[in-house]
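Peer 1: Let me see the structure of the following:
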Amino acid sequence: MRQSFLMNDRIYLRAVEPEDMDVMYEMENDPSMWDISNFTVPYSRYVLRQYIEGSQCDVFADKQLRLMIVGKSDHCILGTIDITDFVPLHSRGEVGIAVHKDYRQQGYATDALKLLCEYAFDFLSLSQLYAHVAVDNEVCMKLFTSCGFVQCGLLKNWLQVGGCYKDAVLFQYLNPKKQK
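Peer 2: Sure thing, here's the model as predicted:
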């Protein structure tokens, strides 16, 4: 069994710390990210502080898990990765990932997603992970496909962006160790 989860030679994933407030505030309030989320208003520092203080960093208790993506060489925060909408009964959760604009297209999202999947399947023993991706987000579609997710559905008019609706692809990754 692997001795260390959530780490590779370039990055590590860690729990959210109070010191992450400024980066989270910047990323959560970046309007270019809103079309891939369910946000309807900007987040205040107060709300983010409550989230950080209230989180137990336990997916089973919180029904979600947010981890910071951190560069191993300089400990710089590169983004966030989440498991949300966790349903213990069915052992599944939705994956979300956001890489800071300064660190995109450098392979960090792939590293983070592979680490999260490994942790979810090999340590948490989840049955499956899934993601919704806008049909026109080719970069994100390639990311999930390259990490083992399979396109399993098309959700018509799933995302509202700028007053228009977009279709979303439903991706799913089943834990290989739990398949019949």
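
Peer 1: what's the span of stretch 48-66 from first residue to last?
Peer 2: With CA to CA, to the nearest Å as the measure, stretch 48-66 spans 12 Å from end to end.

Peer 1: Identify each buried residue in that stretch, please.
Peer 2: Neighbour-count burial for stretch 48-66 flags 48, 51, 52, 59, 62, 64, 65, 66 (criterion: 16 or more other CB atoms under 10 Å). Placement of C-beta: from N, CA and C, glycine included.

Peer 1: got it, and stretch 10-29?
Peer 2: Neighbour counts using 16+ other CB under 10 Å place 11, 12, 13, 14, 16, 20, 23, 24, 25, 27, 28, 29 of stretch 10-29 among the buried residues.

Peer 1: so can I have JSON lines of these showing pLDDT and secondary structure?
Peer 2: Below are these laid out as JSON lines (pLDDT from 0 to 100; DSSP: H, G, I helix; E, B strand; the rest coil):
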{"residue": "11", "pLDDT": "98", "secondary structure": "strand"}
{"residue": "12", "pLDDT": "97", "secondary structure": "strand"}
{"residue": "13", "pLDDT": "97", "secondary structure": "strand"}
{"residue": "14", "pLDDT": "95", "secondary structure": "strand"}
{"residue": "16", "pLDDT": "92", "secondary structure": "coil"}
{"residue": "20", "pLDDT": "88", "secondary structure": "helix"}
{"residue": "23", "pLDDT": "86", "secondary structure": "helix"}
{"residue": "24", "pLDDT": "84", "secondary structure": "helix"}
{"residue": "25", "pLDDT": "81", "secondary structure": "helix"}
{"residue": "27", "pLDDT": "80", "secondary structure": "helix"}
{"residue": "28", "pLDDT": "79", "secondary structure": "helix"}
{"residue": "29", "pLDDT": "77", "secondary structure": "coil"}
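
Peer 1: The residues you listed: which two are farthest apart?
Peer 2: For the buried residues of stretch 10-29, the maximum inter-member distance is 25.3 Å, found between 12 and 29 (CB to CB).
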